[in-house]
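>>> Just a sequence and a predicted model for now, questions to come.
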Amino acid sequence: MDLQKPPPAAPEPRPEPRPEPRQRPAGPTVRREPEAPEGCLAVAIRLPVRIVVLVLVVPVRMVWDALVVAGRFLNDTLLRPLGRALLWLGRAVFVWPFVGLWRYVLVPAGRALGWLGHVLLVVPLVWLYRQVLTPAGHAVIRAARAVGTALAWVYARLLTPVGHALMWVLKGLGAVLAAIGTGVWAVAAWLVTHLVVVPAVWLYTWVLAPVGRALLWCGKGLLWLLRMIVTGIGTALYWITRILFVLPALALWRWVLAPAGRVLAVVGRELWDAFRHAWRVAGHLSLAVGRFLGTLLRWMFVEPVRWVYRRVLTPVGHAVRDSVLRPAAEAARSVGRATRQALAAARESARRARADFRRMLLGEPGQALPADRREPSGREARSLGSSTTALTKD
């Protein structure tokens with residue numbers, strides 16, 4: 001039995017808590033470009049330039065906004081109605097007459113000309129093609145077939161045997177001429193070989209080849225000499241040009257033009273930023289001034305006129321309408337109704353007086369006698385008696 005206690009176990013190291021990742025805000029992530037560090041020159045130029053540009057731009061922006069408002073008002077009240085009127089006038093003067101001319105003159109005339117051309121040209125040409133040209137063409141085709149048959153018979157029965165005989169004769173003559181030509185060709189070849197080829201080979205091997213090699217060696221030497229001369233001249237010109245032109249131009253660009261360009265770029269960028277900032281500020285100022293002037297004009301002119309119209313003119317107008325205009329209109333309608341009735345009664349009295357005067361002078365008008373039309377009346381008028389046809393009637 002073990003009486004010794006076991007050594008206590010070493011505590012396990014606790015894992016260090018990991019930092020929780022920060023949650024990104026919802027929505028599209030906008031990648032911002034790192035701002036370029038600004039120099040002391042930009043900071044020193046910015047404030048005075050913005051003040052001067054703001055003082056210069058504010059009047060220009062206010063004049064611009066005033067011109068915009070005037071242009072919109074002029075466009076809405078004058079130019080747009082004038083344009084619509086001119087458009088309607090242009091349609092009435094140019095479009096509609098041509099449409100009427102096309103629709104009611106040219107199209108009917110074209111249809112009439114088409115019908116006339118069809119009757120005068122197409123129908124006669126079709127008749128000519130069907131009744132004249134087609135039979136004539138068929139006759140020509142039959143004649144051509146007969147001629148072709150005759151020519152084929154002549155070719156097969158006469159020309160072919162004659163051609164075969166001529167070919168046999170020509171083959172015999174060719175064989176004789178080939179035998180003669182073979183001997184002549186052998187003699188000519190031996191003569192050309194010993195009189196032309198052998199001397200030409202000896203001349204090329206022992207005369208022309210050595211002379212050509214010597215000329216080639218002389219040409220290579222001259223080419224090497226010219227190359228060396230041109231290389232030396234080019235090197236000298238390169239270093240002269242580099243020392244006299246390239247190095248001064250490089251120094252001028254590096255130590256004068258580049259710093260001046262950077263300064264001008266900073267000044268131009270600050271001027272552009274100042275102009276944009278001043279234009280926006282001037283826009284807000286112009287909007288505020290415009291709203292103030294609009295409110296002032298509304299309270300000085302529009303609201304008093306509205307108040308007078310609502311509180312004074314409208315009640316007065318209603319009172320005049322109810323107390324004067326409506327009774328006057330009713331009275332006028334009553335007078336008109338009575339006048340129409342009196343005129344109708346007068347016309348009826350005059351008509352009766354004329355009728356009595358005519359009856360007194362001429363007497364009563366005679367009754368019109370019914371005319372005998374010799375047509376059956378009643379049921380007989382539909383069937384001509386008892387029958388329905390003219391052959392079976394009574």
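Everything's here; your move. From a predicted model like this one, the values you see are computed outputs, not experimental measurements. Residues are numbered from 1 along each chain as shown.
>>> all strands of the stretch 101-250 of the chain, in order?
Secondary structure of the stretch 101-250 of the chain (DSSP state E, counting those that start in this stretch): no strands located.
>>> Stretch 78-88 - what's its average pLDDT?
Mean per-residue pLDDT for stretch 78-88: 92.
>>> for stretch 151-163, same thing?
Taken as a whole, stretch 151-163 carries a mean pLDDT of 85.
>>> And stretch 269-283, by the same measure?
Averaging pLDDT along stretch 269-283 gives 84.
>>> Go through that stretch and flag the buried ones.
270-271, 274-275, 277-279, 281-283 (16 or more other CB atoms under 10 Å). In short, each C-beta sits where N, CA and C put it, glycine included.
>>> Alpha carbons of stretch 353-363, as CSV, please.
Presented in CSV, the C-alpha positions along stretch 353-363 are these (Å, rounded to 0.1, in the frame of the first residue of the first chain):
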residue,chain,number,x,y,z
ALA,A,353,-107.2,86.0,-91.7
ARG,A,354,-105.5,85.0,-95.0
ALA,A,355,-107.5,81.8,-95.2
ASP,A,356,-110.8,83.7,-94.6
PHE,A,357,-109.9,86.3,-97.2
ARG,A,358,-109.0,83.6,-99.8
ARG,A,359,-112.3,81.7,-99.0
MET,A,360,-114.3,84.9,-99.4
LEU,A,361,-112.8,85.7,-102.8
LEU,A,362,-112.4,82.2,-104.3
GLY,A,363,-114.8,80.1,-102.4
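>>> picking up where we left off before, same list (the buried residues of stretch 269-283) but as JSON lines, adding distance to residue 46.
Putting the buried residues of stretch 269-283 into JSON lines (distance: CB to CB, whole Å) gives the following:
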{"residue": "270", "distance to residue 46": "5"}
{"residue": "271", "distance to residue 46": "10"}
{"residue": "274", "distance to residue 46": "7"}
{"residue": "275", "distance to residue 46": "12"}
{"residue": "277", "distance to residue 46": "10"}
{"residue": "278", "distance to residue 46": "12"}
{"residue": "279", "distance to residue 46": "16"}
{"residue": "281", "distance to residue 46": "14"}
{"residue": "282", "distance to residue 46": "18"}
{"residue": "283", "distance to residue 46": "20"}
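>>> Among the residues you listed, which pair sits farthest apart?
Among those, the pair separated by the greatest distance (CB to CB) is 270 and 283, at 20.2 Å.
>>> hmm, back to that, okay, the buried residues of stretch 269-283 in a markdown table with distance to residue 235 and secondary structure next?
Compiled in a markdown table, these are given as follows (distance: CB to CB, whole Å; DSSP: H, G, I helix; E, B strand; the rest coil):
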| residue | distance to residue 235 | secondary structure |
| --- | --- | --- |
| 270 | 49 | helix |
| 271 | 49 | helix |
| 274 | 54 | helix |
| 275 | 54 | helix |
| 277 | 58 | helix |
| 278 | 59 | helix |
| 279 | 59 | helix |
| 281 | 64 | helix |
| 282 | 64 | helix |
| 283 | 66 | helix |
